Structure formats: structure tokens, C-alpha cells
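# below is the sequence, then the predicted model.
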Amino acid sequence: MYLKYYLDYCHYMWKRRMFAGILVCLAVYWYRINTRKRKRITYAPMVDRDVERLRRLNRLYNGSDAHCISELRMSKVVFHKLCAELRSRALLEETCHVTIEEQVAMFMHAVGLNWTFRSIAFEFMRSSETVSRYFHLVLDTLCILAGDLICIKSVETHSKITTSPGRFHPYFEGCIGALDGTHIPACVPIHMQDQFRGRKSFTSQNVLAAVDFDLRFIYVLAGWEGSAHDSYVLQDALSRPNGLKIPEGKYFLADAGYAASPGVLPPFRSTRYHLKEYRGTREPENPKELFNLRHSQLRTTVERAFGTLKNRFKIFASQPFFPLKTQVKIVMACCALHNWILEDGPDEYVYDDLAWYAALPRSIINRSDQYQENVAWANKREEMARTMWEDECDALIIMIMYLKFIISFL
């Protein structure tokens with residue numbers, strides 16, 4: 001009995017001492033945390049570095065407009081409007097060290113000039129980690145903004161068509177733009193390279209885009225393998241819940257790689273089509289060639305938009321070393337920026353009609369659509385071509401009669 005009391009007493013004292021020891025340890029820890037003086041870390045002459053950075057930034061986006069366009073790929077007015085929009089919508093936040101203008105400027109050096117993070121870090125006097133962090137913040141923000149910028153703004157027939165009676169109007173009444181695919185270099189793992197290597201010599205992603213006649217992107221689908229046929233990408237875009245929605249009674253122009261279907265009107269196959277084939281005295285000789293000529297003159301809008309996009313954003317000139325998901329985001333962000341810049345009007349990166357036609361390459365379509373052409377839309381194309389040819393012949397006859405009438409009085 002006494003042994004049991006003694007053991008209980010020992011156990012009780014052991015628990016008290018253990019509890020007291022824990023309290024002492026916590027008290028010592030709290031004392032050391034609250035009383036020790038942390039040594040101040042200095043990184044460099046901070047004041048001099050900040051002054052130099054502010055001087056460079058002020059010269060970058062408050063200097064000459066030509067310098068801003070060269071470095072940031074947009075004018076000063078457009079750049080400050082973009083930063084003000086991101087600030088007002090709380091899509092980006094300033095910190096005590098980095099302003100929204102600097103965040104966007106670092107992003108534009110990455111996508112516009114294709115600079116590496118190390119080069120940007122040296123130029124902006126930042127660490128590579130800081131550049132990477134803000135690059136992805138701005139990228140995600142622009143992808144959110146793309147939802148408002150990449151959309152159909154109007155379904156009315158564009159003035160480019162209505163102001164050309166006898167040439168485009170009324171034949172292309174209801175046409176709201178053109179669509180096509182383009183290949184953008186992509187960096188993918190070795191086990192995926194076969195899927196992303198198509199008719200190009202490099203691995204690429206097949207990007208489908210629909211463009212209106214103001215060169216604005218109204219739909220973009222990126223991320224498909226470079227080996228995928230354009231028609232498959234289009235079918236995927238049309239089948240998605242949030243995909244390409246073509247308004248009732250409207251349509252897009254497309255090249256011969258697509259089949260005629262509701263909302264998509266390609267040219268006649270096995271018929272002269274490209275503009276270079278009609279230069280000089282080589283005039284259209286039948287209704288199909290006349291339709292293809294005018295179709296091509298309108299459809300080059302999407303090629304001009306792709307050319308402008310790649311001319312402005314040099315990151316598309318080579319394979320970017322980002323994960324594929326980030327590469328898809330970059331395409332969407334750059335298309336959104338393209339639309340934002342064009343709202344202020346074209347600049348030096350936008351190809352005009354004359355310059356584009358003068359240097360127009362002859363594209364090669366070596367694959368046709370795997371889907372059967374829609375009979376109704378194929379017949380509509382035939383009717384348009386026949387009407388164009390009849391009106392062209394009538395206009396020619398009237399001109400000849402008018403010339404004969406003038407000559408008779410000489």
C-alpha cells in the first residue's frame with residue numbers, strides 16, 4: 001500500500017516538473033524573440049539604384065513617342081491608357097517598390113522584344129525572380145482582359161464592303177470577317193514533339209483566329225498541335241460551349257483548306273486564287289476566277305492581322321522556353337494587346353493594304369478539308385460567282401458602248 005502511494009507521488013512530481021520545464025522553454029523562446037536585435041540587411045546603395053531606375057523608367061514611357069513604340073510596342077498614350085485601365089479595374093496592384101507601369105513595361109520587353117528574364121532584370125535593376133513573378137501576374141491579368149477585348153463588336157456589314165459597290169457589295173453582304181490558322185513556334189517535351197511537328201520544320205502550335213475587317217481578333221483558339229488539320233481545329237472551336245459563335249445569317253471567309261459550311265465560305269478549289277496569280281494582264285477568265293480574286297482580296301485581312309501580330313511581338317519568332325500552358329496564355333495576351341492598341345488606330349507595325357499586297361507571299365495549301373462541303377453553302381458560292389460575272393460583263397459592255405459613243409463624235 002505504501003509502495004503504491006510512493007509511485008503515485010513520483011508520477012505526480014514528474015508531470016509537474018515536465019510541465020514546468022515546458023513553461024520555462026516557452027518563456028525563454030518568447031524572451032529571445034522579443035528582445036534580440038536583428039541585424040539590418042543592406043543590399044547596396046539603395047538610394048542611388050532607385051534614382052537610376054526611376055530615371056530610366058521615366059525616359060522609357062515618358063520620353064519620345066518613337067522610343068516608346070520601339071521599346072514597348074505601343075505609343076505613350078496607349079501605354080498609359082492600358083495601365084490606367086488595369087489600375088481602375090484592380091486587375092493589377094502597385095507595391096511600395098514596383099508600379100503598374102514598370103510591371104507592364106517588363107512584360108512588354110519579354111513579349112515585344114523577346115528579351116530573357118536576365119536581360120530584363122539587368123535593364124530594370126531587378127532580380128530575375130522579381131521579373132518572373134510580375135511577368136506571370138501581368139500575363140494572367142491580360143488573359144482576363146482578353147475576355148472583353150477579343151469578341152464580336154458588330155455584326156453589321158463592314159464599310160470596306162459597303163463602300164465598294166460592284167466589287168464587294170452586295171455580293172459579300174453578311175460577311176463579318178475572315179478566319180484562318182497560323183503556326184506559332186512552340187517548345188514542348190521530347191515525347192510530344194512528333195504531335196507538334198507538322199508541315200513546318202519546327203515544333204509549333206496551330207492557332208485558329210477569326211478577324212474582322214479592322215484587323216481586330218474576335219476569336220482565338222490556341223494550344224492545338226502543329227500536326228492538327230485546320231478543319232479539326234475549327235470543328236473544335238465550333239463545338240465548344242464558349243467557342244466560336246457565328247451569328248445567324250453571317251459568315252466568315254476562309255481559305256481552301258476549309259469546306260463550305262454554315263458560317264464558313266471558302267473559295268473554289270482547283271481555280272486560280274492567290275493575288276499574285278492575277279498580277280499584270282492576267283484577268284479572271286470565268287465566274288469562279290472572278291469570285292476567287294475578290295474573295296482573296298477580302299480574306300487577306302486575317303493574314304495581315306497575323307503578320308501585324310508577329311511583327312509587333314517578337315516572342316513569336318522563336319520557341320519560347322515556357323511550359324505549354326504559359327505559351328497558350330501568351331498568345332491570348334498578345335492578341336488582347338493587339339486589339340487594345342488598334343483601338344487608338346494603326347501604327348507602324350500594322351501592314352496597310354498596298355504594302356501587304358506588294359510583298360504578299362503565295363501560300364501553299366497542300367491539304368484540303370476532310371469534311372464534305374455543305375450543299376447549300378456551295379450553291380450560295382456558285383450563285384455569288386455567277387452574279388459577279390454577269391455584273392462584270394454588263395459593266396464591260398456598258399463601258400464599250402460608252403467608248404463607241406464618244407469615238408463617234410470625234
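Everything's here; your move. Numbers count the residues shown, from 1 in each chain.
# lowest-pLDDT helix or strand in this protein?
Using mean pLDDT, DSSP states H and E, the weakest-scoring helix or strand in the chain turns out to be helix 353-358, at a mean of 62.
# next helix or strand past it?
Next along the chain after helix 353-358, taking DSSP states H and E as the criterion, comes helix 375-408.
# I'd like the mean pLDDT over that next one, please.
In this model, helix 375-408 has an average pLDDT of 84.
# and the helices in the stretch 51-200 of the chain?
Ranges of helices in the stretch 51-200 of the chain, per DSSP state H, counting those that start in this stretch, are 65-72, 76-88, 100-112, 117-124, 128-149, 159-162.
# now render those as JSON lines, adding mean neighbour count and distance to Glu225.
All C-beta atoms are positioned from the backbone trio N, CA, C, and that covers glycine. Shown next, in JSON lines, are the helices of the stretch 51-200 of the chain (neighbours: other C-beta atoms under 10 Å; distance: least, C-beta to C-beta, whole Å):
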{"stretch": "helix 65-72", "mean neighbour count": "16", "distance to Glu225": "33"}
{"stretch": "helix 76-88", "mean neighbour count": "17", "distance to Glu225": "32"}
{"stretch": "helix 100-112", "mean neighbour count": "23", "distance to Glu225": "23"}
{"stretch": "helix 117-124", "mean neighbour count": "17", "distance to Glu225": "27"}
{"stretch": "helix 128-149", "mean neighbour count": "18", "distance to Glu225": "21"}
{"stretch": "helix 159-162", "mean neighbour count": "16", "distance to Glu225": "34"}
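# can you tell which of these is closest to Lys329?
With C-beta to C-beta, the closest approach to Lys329 among the helices of the stretch 51-200 of the chain belongs to helix 128-149: 5.4 Å.
# and the closest one, what does it pack against?
Here helix 128-149 touches helix 76-88, helix 100-112, helix 117-124, helix 324-342, going by 3 or more C-beta pairs under 8 Å, 6 or more residues apart in numbering; DSSP states H and E.
# tell me the angle of that helix relative to helix 76-88?
90 degrees (axes from the mean of the first three to the mean of the last three C-alpha atoms, to 10 degrees).
# contacts for helix 128-149, please.
Here helix 128-149 makes contact (C-beta atoms under 8 Å, 6 or more residues apart in numbering) with 85-86, 91-92, 98, 102-104, 106-107, 110, 117-118, 120-121, 124, 220, 326, 329-330, 332-333, 335-337, 339-340.
# now find how far off-centre it is within its chain.
Distance of helix 128-149 from the chain centroid (C-alpha atoms, centre = their mean, to the nearest Å) equals 13 Å.
# how close does the residue nearest the centre of the chain get to Trp30?
Taking C-alpha atoms, centre = their mean, the centroid of the chain lies closest to Cys335, which sits 2.3 Å from it. Computed as C-beta to C-beta, to the nearest Å, the Cys335 to Trp30 distance reads 56 Å.
# also Met125?
From Met125 to Trp30 the distance is 40 Å (C-beta to C-beta).
# more neighbours, those two?
Shown here are Met125 and Trp30; by other C-beta atoms under 10 Å, Met125 has more neighbours (14 against 10).
# residues in contact with the more buried one?
So Met125 contacts Arg49, Glu52, Arg53, Arg56 (C-beta under 8 Å, 6+ apart).
# the strand ranked longest in the chain - contacts with which helices or strands?
For the chain, the strand with the greatest residue count under DSSP state E is strand 175-185. Packing partners of strand 175-185 (3+ C-beta pairs under 8 Å, 6+ apart): strand 204-211, strand 217-225, helix 230-239, strand 251-253, helix 287-312.
# state the mean pLDDT of that strand.
Mean pLDDT, computed over strand 175-185, is 95.
# can you list the strands that that strand pairs with?
For strand 175-185, the paired strands and their directions (DSSP bridges) read strand 204-211 (antiparallel), strand 251-253 (parallel).
# contacts for stretch 63-80?
Stretch 63-80 is contacted from outside by 59-62, 82, 101, 104-105, 108-109, 112-113, 312-313, 337, 340-341, 344, 347-349, using C-beta under 8 Å, 6+ apart.
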